[in-house]
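Novice: Structure, please.
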Amino acid sequence: EAILMQVSIRVKRYDPELTENNSWWQDYKLGIHANATILDALIKIREEVDGGLALRCACRASICGSCGMRVNGRARLVCKTRLKEIIQKDGELNIEPLANHSVIRDLVVSFDSFFSKIKEITPYLTPKSEPDKGEFVASNESMENLLKSMNCIMCGVCVSDCTVLEVDKKFIGPAALAKAWRFVEDPRDDKKSQRINYLNDTEGGIWDCTRCLQCVEVCPKDVAPMDRIMEMRETAIRLGYKNTPGYRHSETFYRSVKKHGRLNETLLAINSAGWTNIPRLIDLIPIGFKALIKGKLPPIIPHKAEKKEAIKNIYVKVEKEDE
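Specialist: Next comes the predicted model:
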């Protein structure tokens, strides 16, 4: 016998054909099996309550990546998210379309911008030449490594919760950068240096990630896009691509904390811009004045941490382990 539960679901609706008030929240109440997923509930609403509700789904097994949505402010695949778990945790259930995508209707979003980012990273192998015979062969070890990124199902969930894309649409984004890593790491590809050079220099590349961990937390396939981005930063440094604001920012941060036990924010801003980059340094002047007015301007001579030597010892230990 089916165990039913009564649920209340709020869905963010959107109708592009309406000239005014084309976006609104709509409440639905229904009885459904206690082990049902959110997708089960949405399909039941569409089939039995409101045939006008637009949503996208296909496999219902977290394989196709079609049913990405925001559930109580967090991007998820609703086919693998159970109603009971969310309601018991949060006490409510609000469903919205993915963020950082343009909405077509209700819970259906456009993936045009998503795939334009994918195209930007040249998403295919570029071997040096044809193999002598047969095909290019990759070792089992390298293929196991590549699986970290190849498990991506292109669902757009990480893009939805990316805090950088909320404010900077030029950022290539976690999904595309994780796919770029897949080709950078593939031993059959001959354009590793060129790929890293592009991602290192281009605006919106590997140095624009703020390491907020959101993409890692929401990825349904454990691709961990942020980890892949950090690995490409390390690769860029090893290859000698250091003349970028991103590298200067990280290096100044590292050396400042090592020397003083805390961050010298003034030097961080200037070094990141580059001492020879006069236009960028001029751009920092209004920011400095605003910080001064708000009482937020960091001191010219940085304070030193009380336990500076203990922090230095941590650096020494880590640097020895990396040797």
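
Novice: Convert the C-alpha atoms of stretch 114-124 to PDB, please.
Specialist: The C-alpha atoms that make up stretch 114-124 are tabulated as PDB, following Å, rounded to 0.1, in the frame of the first residue of the first chain:
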ATOM      1  CA  PHE A 114      26.400  27.500 -21.500                       C
ATOM      2  CA  PHE A 115      27.400  26.000 -24.800                       C
ATOM      3  CA  SER A 116      29.000  29.200 -26.000                       C
ATOM      4  CA  LYS A 117      31.400  28.900 -23.100                       C
ATOM      5  CA  ILE A 118      32.100  25.300 -23.900                       C
ATOM      6  CA  LYS A 119      32.900  26.200 -27.500                       C
ATOM      7  CA  GLU A 120      35.300  28.900 -26.200                       C
ATOM      8  CA  ILE A 121      37.700  26.300 -24.800                       C
ATOM      9  CA  THR A 122      38.100  24.300 -28.000                       C
ATOM     10  CA  PRO A 123      36.300  21.100 -26.700                       C
ATOM     11  CA  TYR A 124      38.000  18.500 -28.800                       C
END
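
Novice: list the buried ones in that stretch?
Specialist: When burial is assessed from 16 or more other Cβ atoms under 10 Å, stretch 114-124 yields the following buried residues: 114, 117-118, 120-122. All C-beta atoms are positioned from the backbone trio N, CA, C, and that covers glycine.

Novice: what's in contact with it?
Specialist: 101, 154, 156, 159, 172-173, 175-177, 179-180, 183, 191, 195, 199 (Cβ atoms under 8 Å, 6 or more residues apart in numbering).

Novice: now, which of these lie within helices?
Specialist: The helices, defined by DSSP state H, take in 159, 175-177, 179-180, 183, 195, 199 from these.

Novice: from the contacts of stretch 114-124, which single one is nearest residue 32?
Specialist: Nearest to residue 32 among the contacts of stretch 114-124, counting by Cβ to Cβ, is residue 156 at 26.3 Å.

Novice: Let me know whether residue 53 touches residue 46 as I believe.
Specialist: Yes - using Cβ atoms under 8 Å, residue 53 is in contact with residue 46, at 4.6 Å.

Novice: Quick one: low-confidence residue ranges for this structure.
Specialist: Along the chain, the parts satisfying pLDDT under 70 run over 1-2.

Novice: Go ahead and name everything in contact with stretch 18-32.
Specialist: By Cβ under 8 Å, 6+ apart, the residues outside stretch 18-32 that reach it are 4-16, 40-41, 44-45, 48-50, 83, 94.

Novice: and which of the buried residues of stretch 114-124 is nearest residue 108?
Specialist: The closest of the buried residues of stretch 114-124 to residue 108 turns out to be residue 114 (Cβ to Cβ; 13.5 Å).

Novice: who's in contact with the residue nearest to residue 161 when sequence neighbours are not counted?
Specialist: Closest residue to residue 161 apart from its sequence neighbours, by Cβ to Cβ, 6 or more residues apart in numbering: residue 214 at 4.3 Å. Shown in contact with residue 214 (Cβ under 8 Å, 6+ apart): 158, 161-163.

Novice: Which one of those sits in the busiest neighbourhood?
Specialist: Among those, the one with the most neighbours (other Cβ atoms under 10 Å) is residue 158, at 30 neighbours.

Novice: who's in contact with the residue nearest to that residue when sequence neighbours are not counted?
Specialist: Nearest residue to residue 158, sequence neighbours excluded (Cβ to Cβ, 6+ apart): residue 215, at 3.7 Å. Residues in contact with residue 215, defined by Cβ under 8 Å, 6+ apart, are 158, 161-162, 174, 224-226.

Novice: what's the spacing between residue 215 and residue 208?
Specialist: Distance of residue 215 to residue 208, given as Cβ to Cβ, to the nearest Å: 13 Å.

Novice: cool, and residue 52?
Specialist: Using Cβ to Cβ, we find residue 52 at a distance of 39 Å from residue 208.

Novice: and what of residue 61?
Specialist: 34 Å.
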